[in-house]
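J.: Let's see this in three dimensions:
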Amino acid sequence: MAAADSPLLMINAPLVSTRLGYPDLSGLDLLELFAFIHPARFCVPTPRGLAHALDLPEPAGDDDVPRFLQLAAGALLARCNAPDWPERDGAWSVLQSLARLRWAWAGVLTPHVARPQQAEKWLFARLPEWEEAGERPQPAQVQLDEAQVDTRLVELTGLEAERRDGQQHFARSALRIFAPRARRDTPHMLLAQAGTGIGKTLGYLAPASLWAEQSKGTVWVSTFTKNLQRQLRSESRRAWPEARPDGSRPVVIRKGRENYLCLLNLEDALQGGFGGRAAIMAQLVARWAAYSQDGDMIGGDLPGWLGTLFRARAIRSLTDQRGECIYAGCPHYRKCFIERAARASAQADLVIANHALVMVNAARGRDHAQRPTRIVFDEGHHVFEAADSTFAAALTGAETVELKRWILGPERGSKGRRRGLAARLADVASYDEVGGKAVAAACHAAEALPTQGWLQRLAEGQPSGPLEELFTAVRATTYARDESGQDAGYAIETEAAQLDGAFVELAQQAGIALSEIRTPLIRLGVRLEALLTDGPDWLDGQGRARIEGARHSLTWRIDMLSAWESLLQRMGGPADPDFVDWLAVDRSDARDYDVGLHRRYLDPMKPFAQTVLAGTHGVMLTSATLCDRGADGPQWASAVERSGASHLDVAPHLVEAASPFDYAARAEVLIVTDVPKGDLAALAGAYARIIDACGGGVLGLFTAIRRLRAVHGRIADRLARAGLPLYAQHVDPIDTGTLVDIFRDDPAASLLGTDALRDGVDVPGNSLRCVVMEQVPWPKPSILHRARRAANGGGVHDDRIIRARLAQAFGRLIRSKDDRGHFIVLSPAFPSRLLGAFPPGTPVHRVTLDEALHRVGAANLIGTKSAVRAPEDEIR
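T.: Reported below is the predicted structural model:
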């Protein structure tokens with residue numbers, strides 16, 4: 001009632017409204033004010049985090065928070081009056097726009113933001129232009145020696161740092177991938193298992209920085225998580241300065257296009273493309289863009305919580321999600337964040353990227369000369385997973401709708417600046433008759449693709465066109481064969497086998513329709529290439545760049561159509577041993593949201609080896625969990641198989657550097673045997689009692705979102721009343737990265753999550769004292785998993801996956817030499833063969849829940865961080 005009667009001062013309104021069950025809650029959110037006054041500045045979105053960001057005393061407790069919010073608001077408003085406010089430029093102009101949009105803070109801010117004496121430049125006039133640079137010469141062939149690497153490692157770690165033999169051995173081993181290559185398509189390969197705490201980042205940066213310095217070449221370091229990218233950027237400052245004397249950057253972070261702000265999308269949003277709260281968000285994003293280091297919206301310096309204050313979908317719509325970039329045809333092309341990063345990486349010594357980008361760049365990169373030749377895949381245990389996704393094919397309703405929009409443009413009544421192929425290449429069509437006819441033919445053929453409302457027509461049994469007819473058959477077949485109980489609301493699937501003649505006929509008709517689209521696109525690509533080779537006089541440099549961009553986009557779509565046609569041709573015929581095909585209906589909350597056919601490589605490392613590895617000179621895969629561990633030590637066979645080396649006839653060098661941490665004294669694995677499987681009340685009670693015994697600092701990992709939500713709903717309120725806040729993925733309206741920031745910042749907080757939190761989460765210190773898994777992380781019994789299981793040893797394959805997941809989860813617990821903690825598995829049935837997942841010497845006990853609570857509670861009393869090897873009498 002109070003919230004409805006008057007605007008309230010609050011922090012993180014979406015989270016508060018979720019907790020109160022009052023979805024329309026609104027007011028004066030301090031996070032929105034912070035985003036306006038300090039754009040591109042980090043802040044954990046809690047009272048404690050805001051206090052740190054503003055250099056104010058932390059609130060003593062929940063009762064002190066209302067008073068603190070008033071102090072924080074006063075401090076932020078006072079900052080606007082300060083003569084040294086660094087983000088003053090552009091604030092007055094944006095505030096006027098926000099006032100017209102009736103932003104809640106506008107009236108409060110207006111007296112504090114003085115009108116500038118001179119008119120402020122519009123954002124798009126303020127951003128600097130990138131400059132072209134000459135192509136970098138081919139790297140020199142150099143041979144480094146171990147003494148040089150040892151010296152560089154000392155320089156990076158510091159003379160006073162403790163010498164770690166494992167790190168030195170690791171660095172010397174990494175030297176191998178920078179040696180000159182002896183034969184074409186045969187790179188030097190190194191697989192290195194580096195235990196947590198070995199210092200592997202500086203271990204490979206030492207030889208990498210030496211090689212880049214002497215050869216004038218570029219080294220790419222690829223990660224799977226954004227957290228490691230940020231860590232790498234920080235560590236790289238030891239080896240390279242922020243900028244060279246000429247102003248260029250020696251270290252560049254590269255991500256996929258979908259991570260960066262698209263200036264054309266932003267301009268469209270600012271000029272009426274967005275309405276309501278989304279329009280306010282666009283203005284705050286414009287404030288951020290003026291101060292952002294690189295325009296990275298996902299994991300960069302844009303606060304992760306900004307999108308959730310409004311609508312996450314609105315944030316995504318400001319990026320290039322569907323490859324719709326018009327390149328040099330864009331009026332902001334010379335200021336584009338994406339193009340700036342691409343050009344900077346071509347001149348960099350070190351490029352920090354992610355696995356997906358490295359693979360996509362190799363598969364369909366625009367500039368073959370910029371493809372990396374020396375790559376370090378950190379978090380190398382995820383390379384298989386990334387390749388599996390990159391080289392997949394999915395012929396689904398959602399994908400075909402997007403293809404139709406790319407060819408024909410947005411449907412009638414749609415907002416936005418997207419244009420169809422004919423509009424984008426109007427000048428080419430008017431000049432080149434053959435090209436114009438190809439565009440017209442592609443547009444005509446694209447009418448056969450699904451359009452808006454296709455899901456509803458499928459449900460009603462009234463499909464329109466050959467693709468919708470095929471998807472109707474896919475949906476009907478999948479539902480008819482389902483034995484999982486589709487009322488659960490999750491995705492269902494069935495093999496693309498034993499299909500009747502009617503289905504095969506529909507697949508053939510759909511394949512013909514796709515072929516009729518692909519053929520004119522190929523002709524158009526040929527004409528565009530001819531224009532670039534022998535173009536008209538009016539085709540200037542910018543025009544050539546625009547056509548080159550269009551040709552690149554065409555190639556991508558042609559390859560996609562070819563993969564779809566190949567998948568459809570297989571229907572009704574013999575299975576291809578290289579692929580796994582299936583039909584699926586994707587569902588959420590018991591509602592269909594996509595339907596289609598899917599294809600994955602049985603072994604995705606085959607295309608990875610041919611596309612990525614073959615063109616390199618040196619590659620390293622490293623991780624703390626790169627290979628399985630047996631009674632005799634590391635089991636390298638599976639790691640070699642999952643590296644792609646066998647597809648190139650390369651024998652990789654194998655190295656292990658053990659963790660320096662004393663797991664026997666600082667960690668303890670407790671397998672709780674008396675929490676019945678399937679008993680949600682018992683599971684929730686166990687989590688509540690463990691969190692209470694630990695005093696917070698618990699990371700809870702679940703294998704099913706439904707159980708996570710059920711447990712959170714049962715225990716969050718009572719824990720909060722005890723001063724132990726509980727956050728959860730898939731419950732709280734906060735992105736995963738921000739949830740981890742909140743958890744890291746508050747030692748009393750606990751966090752529940754799924755796979756995304758099992759790996760890549762780095763929370764050293766007292767904030768993480770206990771990891772709890774709800775059960776053994778068995779693989780999901782999907783059609784794809786069943787095929788790979790059969791091809792890789794059956795149960796042995798399953799055990800290898802489970803041990804890897806356990807090892808990754810255990811790795812969250814001990815992140816520094818001073819950390820201590822407990823790893824708890826709530827499973828009455830934990831096979832002994834899985835215990836190899838834990839580091840040698842780690843104590844493992846099968847105990848009841850009460851015994852586990854005694855151990856955890858006693859350890860929590862002895863020290864701020866769980867002193868796991870407490871005397872038995874103190875535990876009792």
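J.: can you tell me which residues contact Asp432?
T.: Residues near Asp432 by C-beta atoms under 8 Å, 6 or more residues apart in numbering: 527, 531. Quick note: C-beta positions are derived from backbone N, CA and C, even for glycine.
J.: And the pLDDT for it?
T.: Asp432 carries a pLDDT score of 82 in this model.
J.: Distance check, it against Glu529.
T.: Note on Asp432: its distance to Glu529, by C-beta to C-beta, to the nearest Å, is 12 Å.
J.: Would you mark the buried spots in the longest helix anywhere in the chain?
T.: What stands out as the longest helix in the chain, according to DSSP state H, is helix 501-533. By 16 or more other C-beta atoms under 10 Å, the buried positions in helix 501-533 come out as 503, 506-511, 513-514, 517-525, 527-528, 531.
J.: Now the element after it, going C-ward?
T.: Past helix 501-533, further along toward the C-terminus, the next helix or strand under DSSP states H and E is helix 541-569.
J.: Show me which positions of that following helix end up buried.
T.: By 16+ other C-beta under 10 Å, the buried positions in helix 541-569 come out as 543, 546-554, 557-558, 560-561, 563-565, 567-568.
J.: And what about Leu175, helix, strand or coil?
T.: With DSSP: H, G, I helix; E, B strand; the rest coil as the basis, Leu175 sits in helix.
J.: Run a quick neighbour tally on it.
T.: 23 (other C-beta atoms under 10 Å).
J.: just checking, it touches Ala147?
T.: No. At 10.8 Å, Leu175 does not count as touching Ala147 under the criterion of C-beta atoms under 8 Å.
J.: What segments of the stretch 251-400 of the chain are strands?
T.: Taking DSSP state E, counting those that start in this stretch to define them, one finds strands in the stretch 251-400 of the chain at 251-253, 350-354, 374-378, 393-396.
J.: The nearest residue to His617 once chain neighbours are set aside: what's it in contact with?
T.: The shortest distance from His617 to any non-neighbouring residue, by C-beta to C-beta, 6 or more residues apart in numbering, is to Arg181 (4.3 Å). Neighbour list for Arg181: 187-188, 617-618 [criterion: C-beta under 8 Å, 6+ apart].
J.: that's a strand at Arg181, yeah?
T.: No. Counting by three-state DSSP, Arg181 falls outside a strand, being coil.
J.: Ramachandran coordinates for it?
T.: phi -80, psi 140 (degrees, to the nearest 10).
J.: how close does it sit to Leu613?
T.: Distance, Arg181 to Leu613, by C-beta to C-beta: 12 Å.
J.: same check, this time on Val94
T.: Distance of Val94 to Leu613, given as C-beta to C-beta: 48 Å.
J.: my guess is Ile198 contacts Gln167, does it?
T.: Yes. Using C-beta under 8 Å, Ile198 is in contact with Gln167, at 5.6 Å.
J.: what kind of secondary structure is Arg629 in?
T.: Of the three states, Arg629 takes strand according to three-state DSSP.
J.: Gln168 and Asp150, how far apart?
T.: Gln168 is 6 Å from Asp150, where distance means C-beta to C-beta.
J.: Tell me which of the two has more neighbours.
T.: When Gln168 and Asp150 are compared for neighbours, Gln168 comes out ahead with 20 against 15, by other C-beta under 10 Å.
J.: Pull the distance from the helix or strand hosting that one to the chain's centre.
T.: Using DSSP H and E, Gln168 sits in helix 165-174. Helix 165-174 sits 29 Å away from the centroid of its parent chain (C-alpha atoms, centre = their mean, to the nearest Å).
J.: which helices and strands sit right next to that helix?
T.: If you count contacts as 3 or more C-beta pairs under 8 Å, 6 or more residues apart in numbering; DSSP states H and E, helix 165-174 packs onto helix 146-157, strand 188-194, helix 200-215, strand 653-657.
J.: Compute the inter-axis angle for that helix and strand 374-378.
T.: Helix 165-174 and strand 374-378 meet at an angle of 140 degrees, taking axes from the mean of the first three to the mean of the last three C-alpha atoms, to 10 degrees as the criterion.
J.: For helix 165-174, buried residues please.
T.: Here helix 165-174 shows 166-174 as buried, counting by 16+ other C-beta under 10 Å.
J.: Check stretch 321-336 too.
T.: For stretch 321-336, burial by neighbour count (16+ other C-beta under 10 Å) applies to 324-330, 332-336.
J.: Identify the residues contacting it?
T.: Taking C-beta under 8 Å, 6+ apart as the rule, stretch 321-336 contacts 124, 127-130, 257-258, 262-264, 267, 338-339, 402, 405-406, 418-419, 424, 542-546, 548-550, 552-553, 556.
J.: ok, 7 Å please
T.: Applying C-beta atoms under 7 Å, 6 or more residues apart in numbering, the contact partners of stretch 321-336 are 124, 127, 129-130, 257-258, 263-264, 339, 402, 406, 418, 424, 542, 545-546, 549, 553, 556.
J.: First residue to last residue on it, what's the distance there?
T.: Start and end residues of stretch 321-336 are separated by 15 Å (C-alpha to C-alpha, to the nearest Å).
J.: mean confidence score for that stretch?
T.: Across stretch 321-336, the per-residue pLDDT values average to 81.
J.: For Asp755, see how far away the residue lying closest to Arg769 once chain neighbours are set aside is.
T.: The shortest distance from Arg769 to any non-neighbouring residue, by C-beta to C-beta, 6+ apart, is to Gly697 (3.7 Å). In this view, Gly697 and Asp755 are 21 Å apart by C-beta to C-beta.
J.: Looking at these two, which is more packed in?
T.: Between Gly697 and Asp755, counted using other C-beta under 10 Å, the more crowded position is Gly697 (26 against 14).
J.: That one and Cys770 touch, don't they?
T.: Yes. The pair Gly697 / Cys770 is scored as a contact, 6.3 Å apart, by C-beta atoms under 7 Å.
J.: Counting neighbours, what do you get for Pro23?
T.: Burial measure for Pro23: 8 neighbouring residues, criterion other C-beta under 10 Å.
J.: tell me the contacts of it?
T.: Neighbouring residues of Pro23 by C-beta under 7 Å, 6+ apart: Ser17.
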